[in-house]
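>>> this one's sequence-less:
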């Protein structure tokens, strides 16, 4: 049994959440994937995967072994890169997940620049406004814009993501300009997410903090859509500046209540915990920090 090959198959099977999907990913018969997993479990004397008709689940031992395999394979890949090139040349496949708006507004324009610096890295980008599981999705890096809860993943702060309340000039002319948070209760607000009914906004001016329940005609999980609705005069939206900065510059949107700020959020890179982060991942994260904070 080639243990390294079996470990690669095991990691691919977990990432693909199935034997058939892993076989397609690796370009081998499904029977080979099954035999390699069985050989690995037999040699270790423990069950790594719980198999059902629809999905796979890691056992406790399997979860620990998966993390160890990822780290070992990443170290091996980096060592092979160094041996082949004689220097720390970055190469390999890097899978990245990011929110749609951030991906198009910020990440997309940076990809050609990163390619010029590291032409041997193959980037696979998946943009989605759903919060995905990095492990099940097989992602090396997942971008999240929020206040992160504790998890088993490592998070690296890339840059702040300031937000601003915006509305169109025509909306403000017709409905008046809010001055303090309680004024928003009488306005139409465009809210992020799927919540129905009122949404509680917390705003602070540095001296006091106020909470206000706001309602409106639109809830959506995409910031670009909310910005378009605000431009069309549907109401007031709280959005990251990277989504609305051009509309603000061109006067299609106007910032309101600039003295009052929502709780800060940030742009973070999330990746599976490991003592040794692959070179391709470290290089990409360092690049994002430099570009997003520059």
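Received it, and whenever you're ready, just let me know what you need. Note that the coordinates shown come from a computational prediction; the quantities given were computed from them, not determined experimentally.

>>> Pretty sure residue 96 sits in a strand.
Yes: Residue 96: assigned to a strand according to DSSP: H, G, I helix; E, B strand; the rest coil.

>>> Touching, it and residue 126? I think so.
Yes: the pair residue 96 / residue 126 is scored as a contact, 7.2 Å apart, by Cβ atoms under 8 Å. C-beta coordinates here come from the backbone N, C-alpha and C atoms, glycine included.

>>> hey, what's in contact with both of the two?
Common contacts of residue 96 and residue 126 (Cβ atoms under 8 Å, 6 or more residues apart in numbering): residue 139.

>>> Tell me which of those two has more neighbours.
residue 96 (21 against 14; other Cβ atoms under 10 Å).

>>> For the more buried one, which residues are in contact?
By Cβ under 8 Å, 6+ apart, the residues touching residue 96 are 107, 123-126, 139-143, 284.

>>> and with 7 Å instead?
Contacts were defined as Cβ atoms under 7 Å, 6 or more residues apart in numbering; by that measure residue 96 touches 123-125, 139-141.

>>> Could you do residue 6 as well?
So, once contact is read as Cβ under 7 Å, 6+ apart, residue 6 ends up touching 36, 39-40.

>>> quick revisit: just checking, which of the contacts of residue 96 belong to strands?
123-125, 141 (DSSP state E).

>>> follow-up on the earlier one: of the contacts of residue 6, select the buried ones using a ChimeraX command.
Per 16 or more other Cβ atoms under 10 Å, the buried members of those correspond to this ChimeraX selection:
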select :36,39,40
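
>>> where do the helices sit along this protein?
3-16, 19-26, 30-44, 60-85, 100-102, 108-117, 134-137, 169-175, 223-231, 241-249, 279-293 (DSSP state H).

>>> Please convert the ones you listed to JSON lines, extending it with mean pLDDT and distance to residue 163.
Converted to JSON lines, the helices of the chain look like this (pLDDT from 0 to 100; distance: least, Cβ to Cβ, whole Å):
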{"stretch": "helix 3-16", "mean pLDDT": "91", "distance to residue 163": "34"}
{"stretch": "helix 19-26", "mean pLDDT": "89", "distance to residue 163": "38"}
{"stretch": "helix 30-44", "mean pLDDT": "93", "distance to residue 163": "46"}
{"stretch": "helix 60-85", "mean pLDDT": "81", "distance to residue 163": "35"}
{"stretch": "helix 100-102", "mean pLDDT": "93", "distance to residue 163": "12"}
{"stretch": "helix 108-117", "mean pLDDT": "95", "distance to residue 163": "21"}
{"stretch": "helix 134-137", "mean pLDDT": "77", "distance to residue 163": "25"}
{"stretch": "helix 169-175", "mean pLDDT": "97", "distance to residue 163": "18"}
{"stretch": "helix 223-231", "mean pLDDT": "96", "distance to residue 163": "10"}
{"stretch": "helix 241-249", "mean pLDDT": "96", "distance to residue 163": "7"}
{"stretch": "helix 279-293", "mean pLDDT": "91", "distance to residue 163": "16"}
